[in-house]
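Chemist: okay, sequence plus prediction incoming.
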There are 2 protein chains.
Amino acid sequence: MDLAALLTSAGMNITVCVVLFSLYSVLRKQPSNVNVYFGRRLASRRSKSHQVCLERFVPSPTWVMKAWETTQEELLTIGGLDAVAFSRMVVFSIQVFSVAAVICIVLVLPVNYYGQDRIHKNIPFESLEVFTIENVKAGSRCGNNTQEYKSITNLRLTHITASPPNPSHFTIVVRGIPWSPEQSYCDTVKNFFSFYHSTTYLSHQIVYKSGAVQKLKDDAEYMCKMLSTSCASVQPTCKRSFGQCYFCGGSANSFKIISNEIDSMHGRTGYSDLHLTSRKKECAAAFVFFKSRYAALTVAQNLQTANPMLWVTDLAPEPPDVYWSNLCIPYRQLWLRKISIFAASITFVLVFLIPVTFAQGLTQLEKLEKMFPFLAGTLQKKFVIQLVTGYLPSVILVLFLYAVPPMMMLFATVEGCISRSGRKKSACTKVLYFTIWNVFFVNVFAGSVISQLAVFSSISELPAQLAKAVPVQATFFTTYVLSSGWASLAFEIMQLFPLFCNLFQRFILGYKEDTMNGNLTFPYHTEVPRILLFGFLGFTCSILAPLILPFLLFYFALAYLVYRNQILNVYIRKYDSGGQFWPIAHNTTVVSLLFAQVIALGVFGLKRSTVASGFTIPLLISTILFHQYCRQRFLPVFKNNATQVLPLFLPLYSVVSHFTL
Amino acid sequence: MDLAALLTSAGMNITVCVVLFSLYSVLRKQPSNVNVYFGRRLASRRSKSHQVCLERFVPSPTWVMKAWETTQEELLTIGGLDAVAFSRMVVFSIQVFSVAAVICIVLVLPVNYYGQDRIHKNIPFESLEVFTIENVKAGSRCGNNTQEYKSITNLRLTHITASPPNPSHFTIVVRGIPWSPEQSYCDTVKNFFSFYHSTTYLSHQIVYKSGAVQKLKDDAEYMCKMLSTSCASVQPTCKRSFGQCYFCGGSANSFKIISNEIDSMHGRTGYSDLHLTSRKKECAAAFVFFKSRYAALTVAQNLQTANPMLWVTDLAPEPPDVYWSNLCIPYRQLWLRKISIFAASITFVLVFLIPVTFAQGLTQLEKLEKMFPFLAGTLQKKFVIQLVTGYLPSVILVLFLYAVPPMMMLFATVEGCISRSGRKKSACTKVLYFTIWNVFFVNVFAGSVISQLAVFSSISELPAQLAKAVPVQATFFTTYVLSSGWASLAFEIMQLFPLFCNLFQRFILGYKEDTMNGNLTFPYHTEVPRILLFGFLGFTCSILAPLILPFLLFYFALAYLVYRNQILNVYIRKYDSGGQFWPIAHNTTVVSLLFAQVIALGVFGLKRSTVASGFTIPLLISTILFHQYCRQRFLPVFKNNATQVLPLFLPLYSVVSHFTL
């Protein structure tokens, strides 16, 4: 590893980061940027101060102090369980890698430094060291991870029990209501549940879908409102989220919930006529309310009929979490959609190599001149050449990479998730696979798709190949941590896009009012994969290139502060998945550990140190056993709610009134 | 394919089969064999006739008529849903392969016969034919299989609804009851369920385990009873089953259920003292009774506490189906047991190659002489040489193969299934993987374990390699169908082992009474894999060696008659899994079809017929889609009971009285 080049790169990145963070600490104090950097606080209380003082223009680390001092309870209150789980992922990485860093720096680095041809020298001593590291890492990681899993599980249980009574707790979503020519969906639902669940059934609401004309009209109205500045305070939650939020009022949306059951208790005849006319607009989906949480849970888990594709029941997401347009997808399409999206995701991940190869091809000037002959003239100047070959490929790559999370989010939408948090979780998994494949494997086994598949087809040689290929790319991964990791944090805290939008609106369009309020939710689907990717890199590279660890540790420490600050100040919490991202993190760290052990096996194989190889295999087995234990002990809590922790009270109509705004 | 050798082999096998079947039709009429061939009928009614007439010694096909005439309803009454599902597997195979056989014989065989070098001749014409077959097979199979799955599902639903009220329907098994120093398990269970399920909880019974001394005493008593002939009528169901049946009375068994809750309603004080003394013998498992089937189902499906390894609830198996000794296994061991057994099964399947290679080595005389030098003298005679090299290897192989089902049954027992039917299903899956691997793949890619793994590591070349290797082994598979298939049916109907036991007891020990009564249950764990293996061979070989199909068809036709006869006359039904074997059969046929299509792909690849290859890929995709559809549409019914089909009545104490015999 070229230490000088690495230090230069580190120095440049540190400079950029220091500049950006200083800039941030100044910009955040400007009143005009308050809606960019304090969106969440704005959303909760709207107070501003416009005093001009010197302090506003001096960089200061106060935000670091605030982020540091925030306790977990405060974070839980402000950001929800997902934010706490995310913050714990970062803390967990810091713990594991600080132990690994100390050992690696003290033991391995001197050997690496003084013995360049280390493959043939000091074999038993170094093997032992590497094995120690591996062992310590596995031990600390497993112990730590069980603790973490346990504490997140407990937080989740507290989240389930202690959260204030919410209509969604007593509600289930029913999809695949069978069509009958005699009666409307509404009557079908009523008959079914009042027959089979007569003691606990309370009421229900069919989901309605407006026609195309209504939708166009609504959309026009919505656009109109969005363009007029005055609407900012009226529609605070309907603007910058990925899809539209269909829950904040009936008139401006294409989906409406019409309370029928409760209202029909008061005047049945009035709604009967309405039902006849709106028959065609009913979706085969409904929300059904029950008298107790336990009853809702029970009905949601049971199979209702002999045909498992009819009367499909699930626990309802919280009202702001519902993704309305997916509710109307016929249930029998869903399995087909899931398979198609699965195939599409794999294709996307594999086909993404084409732009990567294209971008890498741009670094060669001759190819470029062939492809774009009209550039031949401009490509004579040296500065232009440097710009084109040096920056253009990375720009193209970064642009392509920016397209990935929205693409995966689109995939998750088409898949048919009925909740926003479920959609984010699905997108998170997809982005995770994408990044680990495209950053780690494609770089390690650089080449075309076919040659990579060929590499993977010889499974028995994988450890040795990994052990050979990873050190070659270690420098790249270290610079990746520096550039992509540190820089991404700096850009994250600067919030460049909202900042420019704000400046554009203020100085070009001349708005006086804040039109951009805090309605960004935390982008877990991009940030969770990022943290996990760096963890993966840390685990796999630490044995063969321990120099990556200090950079990684600094990244995690910075990430801890930055993300806490962002959760406290910028992002709002509209919905909460209840820590559903933790199992993803757990599985990824187990896979990372397994990969690290496989690489260790390869290293020992290359060094022909059979004893150490022999000891690595029990380590592999114990990691798998540990993973299985966690699956048995903790995972069911993330999938089902336990009877024992559910409060057994029954708040009656207060629940329903929430839904019938 | 050497047609003469094949016909010779067929002739020999036909002769053997004809002789054995004639022998059977005579032996079954002898009164002394009535307990061998009419075990089930004996178990239901005990009437015999000892008249000697000529008819008894004339072979006659009456049993064929009876087996043919039996309707599905009769089979359902006598053999249960499992027997019907098994019979449907055979019928389904007959349907599919009769269509395939007609096409193959009419179209492919003449081409194969007249064009020996067919790889280079008639390419487009033959490709088309093969493609047609593949298409027709996929079409008929998918259509048929959906129909079959639907009808089995309906039968299962009927089985759930229409079966007479059974205590097990209202009962759940609770394992992992937490230990508490203050109170006994009995009180813990009572407190838990009367608090969390107060409205539906009826009563419960702790499972007790006797100490070692008690068990020895019981076993001695049991042996004593077994040896005395007079006990035959007292203990009709406790003798020849694999484990002991611990349900038929308390005194002779090592496990007891002591009714506590119901009896303690009458006199609580009497049982309180007993509980104190028997504290150490309590297992952390209990049966809990509920007031309705729906309540039991609900509680069984819900997660009870925040720790998913405590209070684990499942629907209780029927009383004769419970595998008592596994109930006392601590639940937290189970995941470890399952993983260990999974690893052990894979090791067993792979290590089984060693005896196979050893047996194949015995065919070479020189090796044999080296290994056993003392045999050198006897190995000079020609007859001995023929015997040793010709028969010894197959005898050793057959002996090893006979060890497989008991071994897998042992694995399934150690795994910790709490029901006998579940154990049989688990063993069935293991035997299935074993046979398909060891009969198909080992023979196709003959060689050592390592070379086989190497073959599988190059995935992209698999179709071509299969297409090359399968025709080479086609003759072997055809003779395998003849010898293993037809002969196994002849031995199955002859019931050689019980017959010899019977003769031994009658003529050597001089017993007069029947000591062997019908207490054999149908060995689904050996017969289902056999039928499915032949289906797999049929699908994979039919394209390249269509001559296998008539033999296979004859096998299935014979199997249909033989197994029906055995279900009607020999095997009794102690327990019923409710058609749980059908999903296994479905999955295996889908995998077989996929393999056949992959082989077709390889054939087209070898012939460089890209258009046909192109058409095979949509066929593959549609097969996968069809499989997914079936998983969505039918499989959940086999895993859960639907609310709608459960009767909502509540028979009260009549239920409990069954358990407290």
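Modeler: Nice, I can see it.

Chemist: now A:Val174: closest residue in space that isn't a chain neighbour?
Modeler: For A:Val174, ignoring the flanking residues on the chain, the nearest one in space by CB to CB, 6 or more residues apart in numbering or on different chains is A:Ala286 at 5.0 Å. C-beta: built from backbone N, CA, C; applies to glycine.

Chemist: name every strand pairing with the host helix or strand of the one you found and say which way it goes.
Modeler: A:Ala286 is located in strand A:282-290, with elements delineated by DSSP states H and E. Paired neighbours of strand A:282-290 in the sheet (DSSP bridges): strand A:171-175 (antiparallel), strand A:201-209 (antiparallel).

Chemist: CA atoms of whichever helix or strand comes after the shortest one as PDB?
Modeler: Proceeding C-terminally, strand A:171-175 gives way to helix A:185-196 as the next helix or strand, assigned by DSSP H and E. Taking only C-alpha atoms (Å, rounded to 0.1, in the frame of the first residue of the first chain), the coordinates of helix A:185-196 have been written out as PDB:
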ATOM      1  CA  TYR A 185     -67.800  -5.200  -0.800                       C
ATOM      2  CA  CYS A 186     -68.900  -3.300   2.200                       C
ATOM      3  CA  ASP A 187     -71.800  -5.700   3.000                       C
ATOM      4  CA  THR A 188     -69.500  -8.700   2.200                       C
ATOM      5  CA  VAL A 189     -67.000  -7.500   4.800                       C
ATOM      6  CA  LYS A 190     -69.700  -6.800   7.300                       C
ATOM      7  CA  ASN A 191     -71.300 -10.200   6.900                       C
ATOM      8  CA  PHE A 192     -68.100 -12.100   7.000                       C
ATOM      9  CA  PHE A 193     -66.600 -10.500  10.200                       C
ATOM     10  CA  SER A 194     -69.900 -10.300  12.100                       C
ATOM     11  CA  PHE A 195     -70.400 -14.000  11.400                       C
ATOM     12  CA  TYR A 196     -66.900 -15.400  12.100                       C
END
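
Chemist: tally of neighbours for A:Thr589?
Modeler: A count of nearby residues for A:Thr589, using other CB atoms under 10 Å in any protein chain shown, gives 24.

Chemist: that one reaches A:Thr146, doesn't it?
Modeler: No: judged on CB atoms under 8 Å, A:Thr589 makes no contact with A:Thr146 at a distance of 11.7 Å.

Chemist: which residues of the stretch 151-300 of chain A lie near chain B?
Modeler: By CB under 8 Å from any CB of the partner chain, the residues of the stretch 151-300 of chain A that approach chain B are A:153-154, A:157, A:196-197, A:297-299.

Chemist: between all of the residues you listed, which two are at the greatest distance?
Modeler: Greatest spacing in those, by CB to CB: A:Asn154 and A:Tyr196 (35.4 Å).

Chemist: got the contact list for A:Val591?
Modeler: In this structure, A:Val591 makes contact with A:Phe536, judged by CB atoms under 8 Å, 6 or more residues apart in numbering or on different chains.

Chemist: just the buried positions in the host helix or strand of it, please.
Modeler: Element membership for A:Val591, per DSSP H and E: helix A:581-606. Of the residues in helix A:581-606, A:581-605 count as buried by neighbour count, 16 or more other CB atoms under 10 Å in any protein chain shown.

Chemist: ok, now stretch A:161-174?
Modeler: Applying a neighbour-count criterion of 16+ other CB under 10 Å, the buried positions in stretch A:161-174 are A:167-174.

Chemist: same question, stretch A:494-503
Modeler: Using 16+ other CB under 10 Å as the burial criterion, the residues of stretch A:494-503 that qualify are A:494-495, A:498, A:502.

Chemist: with secondary structure and pLDDT added, can I get those residues in a markdown table?
Modeler: Shown next, in a markdown table, are the buried residues of stretch A:494-503 (DSSP: H, G, I helix; E, B strand; the rest coil; pLDDT from 0 to 100):
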| residue | secondary structure | pLDDT |
| --- | --- | --- |
| A:Met494 | helix | 83 |
| A:Gln495 | coil | 82 |
| A:Pro498 | helix | 82 |
| A:Asn502 | helix | 81 |
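
Chemist: now, among those, which is nearest to B:Phe434?
Modeler: A:Gln495 (60.2 Å).

Chemist: list the residues that contact A:Ala474.
Modeler: A:Ala474 makes contact with A:1, A:541, A:544-545, A:547-548, according to CB under 8 Å, 6+ apart.

Chemist: now A:Thr313: which helix or strand?
Modeler: Applying DSSP H and E, one finds A:Thr313 within strand A:312-315.

Chemist: who does that strand pair up with?
Modeler: For strand A:312-315, pairing defined by DSSP bridges yields strand A:171-175 (antiparallel).

Chemist: what lies in contact with the strand it pairs with?
Modeler: If you take CB under 8 Å, 6+ apart as the criterion, strand A:171-175 is touched by A:189, A:204, A:284-290, A:296, A:299-300, A:311-317, A:327, A:331, A:418, A:655, A:659.

Chemist: my read is that A:Trp437 contacts A:Ile346, right?
Modeler: No: in this structure A:Trp437 lies outside contact range of A:Ile346 using CB under 8 Å: 9.8 Å.

Chemist: how many neighbouring residues does A:Pro618 have?
Modeler: 9.

Chemist: which residues touch it?
Modeler: Neighbour list for A:Pro618: empty [criterion: CB under 8 Å, 6+ apart].

Chemist: any idea of the pLDDT on it?
Modeler: As predicted, A:Pro618 sits at a pLDDT of 84.

Chemist: how does chain A divide into domains?
Modeler: What automatic domain parsing lists as the domains of chain A is A:3-165+A:416-659, A:167-331, A:334-414.

Chemist: follow-up on the earlier one: buried subset of the contacts of strand A:171-175 as a PyMOL selection?
Modeler: In PyMOL, this line selects whichever of the contacts of strand A:171-175 come out buried by 16+ other CB under 10 Å:
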select buried, chain A and resi 189+204+284+285+286+287+288+289+290+296+299+300+311+312+313+315+316+317+327+331+418+655+659
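
Chemist: what is the burial count for the residue of the stretch 551-661 of chain A found nearest chain B?
Modeler: Going by CB to the nearest CB, chain B is nearest to A:Pro636 of the stretch 551-661 of chain A, at 3.8 Å. Counted by other CB under 10 Å, the residues lying close to A:Pro636 total 17.

Chemist: go ahead and confirm it touches B:Ala306.
Modeler: No: using CB under 8 Å, A:Pro636 makes no contact with B:Ala306, being 9.7 Å away.
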